[in-house]
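Chemist: Below are the sequence and a predicted model; questions follow.
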Amino acid sequence: MYRNLKGLMAKHGITQKALAEYLGISQATMIRYLKHPTKTTDFTVTQAKKVQKLFCEEGKITLDEIFYN
């Protein structure tokens, strides 16, 4: 899941561990978010907006472009 997010992470050299630390979650939780998102194990709105802010340097990027397209 989240191929666009994974692609952005790779492009910017951001590891799962680094993104987890940035969001204040464990690496295990990050792995669950990236591999098996569900209603109970998915990014919160606050976390999603932090991810958006992290990658906003490229210009305007929407949450849909990061998480859904």
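Modeler: Arrived safely. Numbering: from 1, shown residues only.
Chemist: Which positions within the helix or strand of the chain with the lowest mean pLDDT qualify as buried?
Modeler: Within the chain, no helix or strand scores below helix 63-67, which has a mean of 87 by mean pLDDT, DSSP states H and E. For helix 63-67, a neighbour-count test (16 or more other CB atoms under 10 Å) marks 66-67 as buried. In this view, the C-beta of every residue, glycine as well, is placed from N, C-alpha and C.
Chemist: neighbouring contacts of that helix?
Modeler: 2, 4-5, 8, 43, 48-49, 51-52, 55 (CB atoms under 8 Å, 6 or more residues apart in numbering).
Chemist: what about 6 Å?
Modeler: Outside of helix 63-67, the residues within contact range by CB atoms under 6 Å, 6 or more residues apart in numbering are 4-5, 48, 52.
Chemist: where exactly do the helices run in this protein?
Modeler: For the chain, helices defined by DSSP state H occupy the ranges 3-12, 16-23, 27-35, 45-55, 63-67.
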